[in-house]
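S.K.: I need the structure of the sequence given here:
(chains A, B and C)
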Amino acid sequence: MKDKRIDHAGAAAAFIADAPHLAFHDERLWDMRQKRDAQMHLLPEWQELRTLASQIKEHTLANLPDYLEQFERNATRNGIHVHWARDGAEHNRIVAEILQARGATTLIKSKSMVTEECDMRPYLAARGITVTETDLGERIQQLDDQLPSHIVVPAVHKLTGDVARVFATHYGTDPNADDPRQLAEAQRQAARPVILHADAGMTGANFAVAETGTFVVCTNEGNADLSATVPGVHIATLGIERLVPRMSDLGVFVRMLSRSALGSPITQYTTHFRGPQDGGEMHVILVDNGRSARLGMADFWTSLKCIRCGACMNTCPVYRRSGGLSYGAVYSGPIGAIIDPTFNERKYSTLPFASTLNGSCTNVCPVRIDIHDQLYKWRRVLVDHHQMPFVKREIMHMAGKLMGQPRLYRAAIAGAETALGTLPRFALYSWLNPWGKQRELPHPVEETFHAWYRRTRSGNGTADTGR
Amino acid sequence: MKVGLFVPCYIDAFYPRVGIATLELLERLGQQVDYPLEQTCCGQPMANSGCNSDAAAAEALFVRNFERFDAIVMPSGSCAHHVRDHFDAIPQTDAVRHVRAHTYELVEFLHDVLQVRAFPWAEFPHTVGLHNSCGTLRALRTASMSELGEPPFSKPMDLLSGVRGIRFATPARPDECCGFGGTFSVAEEAVSARMGLDKVRDHHNAGADYIVSADSSCIMHQQGCAERAGIPLRFIHIAEILNGARE
Amino acid sequence: MNARDTILDALRRNRPDPAAHPLPPPVMLGDLDAGQARFVAGLRLLGGDLLERAPGEPLAAAIARRFPDARLICSAVPGVDGAVPVQDLPNAQAADPVDVAVVRAAFGIAETGSIFLSEAQLHLNALAHLAQHLVVLLDPAQLTANLHTAYQRPEFRTARYGVLMSGPSATADIQGVLIRGAQGVRSLSVCFDSV
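M.R.: Residues are numbered from 1 along each chain as shown, chains lettered A, B, ... in the order given. Okay, here's the model as predicted:
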């Protein structure tokens, strides 16, 4: 089946047309970027931390099978049941089996990008299991039936009025009561009984430590801790690339995660799970879902270093203006644009082009992923795999031919040798048309530089090179 | 030193005065400059679009035009970035390697190679906002980048400081991309135009009368946005100011 | 082949050369100040506060001063007058009505104002999250400088559940407005108390 290409540009245009949402979205994320900068300035060792984090992750990925086995050994010894899932379907089946074997019908969970990847909630719902997201932003998105628009702040594209509307529909609150405090309190009051009576809890994991069998969950709301400690069963889903070798490595990563993400020195909760609590049960599901294949992609394997901080999104001038939902994928923004095509090359073929290649993402990345270079390389891969729309591909092909033949090139612009005459008509009247929607065209000039040079410096220039 | 001047296609067509200023400035500084007439394009538009094989002809022509020079200078950061850091659609012969290693963006050529700091002929009694293109900033590294928290430096500012009467306005987001991005400017028209609008507003709010840049592509985009929005900003290439333009 | 072996096999086939990616030795970077002042600054930055006691003032009195409306106080440390011992709670759900929970942290981190709690301190892990407010006793001698030094603590290798709490629960998920007291405790107060 041929999936439709994501229309990032079209969705972005719709987002931009909504002035209040656009203005808030841009300001909010830029503020997060600035808070991140402030934290960076407080730590003279910042760049060294980035280098270390990158080296530790690259080492871990190069030795991933060994570290996964070590993690499994230690976690099992600590009383954790370790499961392996090749893909989303297998992951969802494992979760359902764990729950059904215990007669569980209600599951509370904290935010996990992997469960979004696996599209777990509909699968469980179809099997009579009610899943409740406990992270506020994620809950808003669940109630509104949207993907998270940001890895860290899933509902950042919404204003308080939007949240009030969602809560009014689902919680019966006053749709006009849009005080954020009241809305957050409404969520607390709505969530608490669900948490108290849930049959099982689920979390993701930010890190997993091979040498101890520990996994670490970082949140600000405390909802992961509630999800993990109140019900008797705790299931944690983690991508196999979450591993780090040693406990001491956490020092490097925890110091950078929240500073990069929100500009706070640490998340309010940094929780280390090494085994089930008294009388409880703990499961870890190690999910591949394309990661082992990505590890074999010479130009793109380092995207697996990502610690999901979202800093690349916050700094990305395109993301800030297009909104995360415009990417049409679980992972949005710059990091999404380099990993989404590994899930579905055609569907996400437009995303690596939704970038100016400005490189700010690469600079803020705490694990030094060369995101903008990978965007550049993805474009080549996608063109080689015939994923570029025909018209654009043809224009590039014709332009390339023209640029290789100076006489043809000059002949194409020979007529008037004025500004607009230099653009071949096919380009001017088709693909380049959008230029003028919100921008003036460059002013016409009397003559090109080339013509001026020939007129004023005749005999000076080098004609007919290569002969 | 034999200097070859490369004038990018859009400067040739839309901003010939930038090419003229670059040539005159280099000559003023005592350089022997030649402009090969058969030049077209460096290959960047095709390569940046992922159509690398389509960049091969332009790259091969570029090498034929410029392999005989000691330095290849261009008033464009993004073209210099392409030649230096990408430019791999053709086999990497000695000539190709020579060209790639000796290609300079104008500011870095003036700053690092000629090490010029004084421009006694230049006077620009206006308030300018400096726009560092992403190519010059994050690829060629002609200025410090805010994301890294590194000690501040700016080669274009070093040069402009040698111009009499010039004043600077600093926008709130000095190294945010302006949204040109080559084919991005049309493929992602809405985002591109919005970024451009935000950029020119930022400079205008900071009190700039002019935006100065080492990249005419960014200028072309920003100027288009400013004119459509009725924002009274003027635009000028750094080569023009350094060559003594008064406006 | 089962899922485990399929994944491990694919990783072995696809991984980059391990020799090209050595593991850097553990590091001890950054400010090594483990002082109380740094801790308090970090704690306050993340929305936590100090519970200060007058000389000789019993802990229960200080808590009553801070939380005059508290009806149910539950303590994981002995000797808090009027508090229900955590050992008396039959299950996690029983911690829901608790207004103030009292616990002693194993250690604190000066860099971030974090305190460490595990089952050894809490006895009932959910107590630290279902209670409305948390009062944490902390021995200043148990302050460590930063996260690098913290991860050398033995507790990380013994606790099955170990949380670094840095201020109270918080969210900024609604239009970026910071709200302390999201899903977990609404406030977190640290009371320095030497053992």
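S.K.: Near residue 241, how many other residues are there?
M.R.: As the question left the chain open, I've gone with chain A. 24 (other Cβ atoms under 10 Å in any protein chain shown). The C-beta positions use only the backbone N, C-alpha and C, and glycine is treated the same way.
S.K.: actually chain B
M.R.: 26.
S.K.: So it sits against residue B:124, correct?
M.R.: Yes - in this structure residue B:241 lies within contact range of residue B:124 using Cβ atoms under 8 Å: 5.0 Å.
S.K.: Check the contact lists of those two and give me the overlap.
M.R.: B:163, B:166 (Cβ atoms under 8 Å, 6 or more residues apart in numbering or on different chains).
S.K.: Give me the distance between the closest residue to residue A:177 other than its chain neighbours and residue B:157.
M.R.: If the residues on either side of it in the chain are set aside, residue A:177 comes closest to residue A:164, at 6.1 Å by Cβ to Cβ, 6 or more residues apart in numbering or on different chains. Residue A:164 is 48 Å from residue B:157, where distance means Cβ to Cβ, to the nearest Å.
S.K.: Show me which of the two is the more surrounded one.
M.R.: residue A:164 (23 against 15).
S.K.: isn't that one right up against residue A:172?
M.R.: No - the pair residue A:164 and residue A:172 does not pass the contact test of Cβ under 8 Å, sitting 11.9 Å apart.
S.K.: Ramachandran angles for residue 113?
M.R.: In the absence of a named chain, chain A is used. Backbone torsions of residue A:113, given as degrees, to the nearest 10, read phi -70, psi -30.
S.K.: show me the contacts for it.
M.R.: By Cβ under 8 Å, 6+ apart, residue A:113 lies in contact with A:148, A:151, A:204, A:239, A:308, A:330, A:331.
S.K.: before we move on, back to that, quick one: contacts for the residue nearest to residue A:177?
M.R.: When the contact criterion is Cβ under 8 Å, 6+ apart, the partners of residue A:164 are A:173, A:174, A:175, A:176, A:177, A:178, A:183.
S.K.: Chain C: helices as residue ranges?
M.R.: With helices called from DSSP state H, chain C shows them at C:3-14, C:36-45, C:59-66, C:119-122, C:127-130, C:147-150, C:155-158.
S.K.: let me redo that: the stretch 201-350 of chain A
M.R.: In chain order, the stretch 201-350 of chain A shows helices spanning A:223-229, A:249-261, A:291-295, A:311-315, A:317-322, A:333-343, with DSSP state H, counting those that start in this stretch as the criterion.
S.K.: what's the answer for chain B, then?
M.R.: Per DSSP H, chain B has helices spanning B:9-14, B:16-28, B:44-48, B:56-66, B:77-85, B:94-101, B:106-108, B:134, B:155-160, B:184-187, B:189-205, B:216-229, B:238-242. These are given in chain order.
S.K.: Lowest average pLDDT across these?
M.R.: Per-segment mean pLDDT for the helices of chain B reaches its minimum on helix B:9-14, at a mean of 92.
S.K.: do it and chain A meet at all?
M.R.: Yes - Helix B:9-14 comes into contact with chain A (Cβ under 8 Å from any Cβ of the partner chain), by way of B:9, B:11, B:12, B:13, B:14.
S.K.: List the residues that contact the closest residue to the third one other than its chain neighbours.
M.R.: Nearest non-adjacent residue to residue B:12, counting by Cβ to Cβ, 6+ apart: residue A:449, 4.6 Å away. Residues touching residue A:449, when contacts are defined by Cβ under 8 Å, 6+ apart, comprise B:7, B:11, B:12, B:16, B:18, B:19, B:20.
S.K.: Phi first, then psi, for the closest residue to residue A:8 other than its chain neighbours.
M.R.: By the measure of Cβ to Cβ, 6+ apart, the closest residue to residue A:8 outside its immediate chain neighbours is residue A:354, 4.5 Å from it. When read as degrees, to the nearest 10, the backbone of residue A:354 gives phi -90, psi 50.
S.K.: For residue A:354, the count of nearby residues, please.
M.R.: In terms of burial, residue A:354 registers 29 neighbours under the definition other Cβ under 10 Å.
S.K.: next one: residue A:156
M.R.: Counted with other Cβ under 10 Å, residue A:156 comes out at 26.
S.K.: Would you check that it makes contact with residue A:25?
M.R.: Yes - applying Cβ under 8 Å as the test, residue A:156 and residue A:25 come out as touching, 6.5 Å apart.
S.K.: Look through the stretch 351-467 of chain A and state the residue closest to chain B.
M.R.: Taking Cβ to the nearest Cβ as the measure, the stretch 351-467 of chain A has residue A:404 as its residue closest to chain B, at 2.3 Å.
S.K.: Can you name the residues that contact the residue in chain B that chain A sits nearest to?
M.R.: Shortest chain B-to-chain A distance, computed as Cβ to the nearest Cβ: residue-wise this is residue B:57, at 2.3 Å. Residue B:57 makes contact with A:400, A:401, A:403, A:404, A:405 under the criterion Cβ under 8 Å, 6+ apart.
S.K.: before we move on, what about residue A:400?
M.R.: The contact partners of residue A:400, by Cβ under 8 Å, 6+ apart, come to B:43, B:46, B:51, B:53, B:54, B:55, B:56, B:57, B:58.
S.K.: Make CSV out of these and add distance to residue B:198.
M.R.: Conversion of the contacts of residue A:400 to CSV gives the following (distance: Cβ to Cβ, whole Å):
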residue, distance to residue B:198
B:43, 30
B:46, 29
B:51, 30
B:53, 36
B:54, 32
B:55, 31
B:56, 37
B:57, 37
B:58, 32
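S.K.: hmm, back to that, out of the helices of chain C, which one sits most buried?
M.R.: Neighbour counts (mean count of other Cβ atoms under 10 Å in any protein chain shown) averaged over each of the helices of chain C peak at helix C:127-130, with a mean of 28.
S.K.: So that one, near chain A or not?
M.R.: Yes - in terms of Cβ under 8 Å from any Cβ, part of helix C:127-130 sits within range of chain A, namely C:128, C:129, C:130.
S.K.: Return the residues in contact with residue A:62.
M.R.: Under the criterion of Cβ under 8 Å, 6+ apart, the contact partners of residue A:62 comprise C:15, C:16, C:17, C:18, C:20, C:21.
S.K.: try 6 Å
M.R.: Residues touching residue A:62, when contacts are defined by Cβ atoms under 6 Å, 6 or more residues apart in numbering or on different chains, comprise C:15, C:16, C:18, C:21.
S.K.: what does residue A:245 give?
M.R.: The neighbourhood of residue A:245, defined by Cβ under 6 Å, 6+ apart, consists of A:60, A:67, A:210.
S.K.: Can I get those residues in a markdown table including distance to chain C, neighbour count and pLDDT?
M.R.: Written out in a markdown table, the entries for the contacts of residue A:245 read as follows (distance: Cβ to the nearest Cβ, whole Å; neighbours: other Cβ atoms under 10 Å in any protein chain shown; pLDDT from 0 to 100):
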| residue | distance to chain C | neighbour count | pLDDT |
| --- | --- | --- | --- |
| A:60 | 8 | 24 | 98 |
| A:67 | 10 | 22 | 98 |
| A:210 | 11 | 25 | 98 |
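S.K.: Show me which of the residues you listed is closest to chain B.
M.R.: After measuring these against chain B - Cβ to the nearest Cβ - the closest member comes out as residue A:60, at 24.7 Å.
S.K.: And residue B:187, how far from residue A:351?
M.R.: 12 Å.
S.K.: between these two, who's got more neighbours?
M.R.: Taking other Cβ under 10 Å, residue B:187 and residue A:351 do not tie; residue A:351 has more neighbours (28 against 20).
S.K.: Can you give me the domain assignment for chain B?
M.R.: In the domain annotation for chain B, the residue ranges read B:2-113, B:127-242 (automatic domain parsing).
S.K.: any chance of those in TSV, plus distance to residue C:100?
M.R.: Supplementary listing: these in TSV, determined by distance: least, Cβ to Cβ, whole Å:
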stretch	distance to residue C:100
domain B:2-113	60
domain B:127-242	42
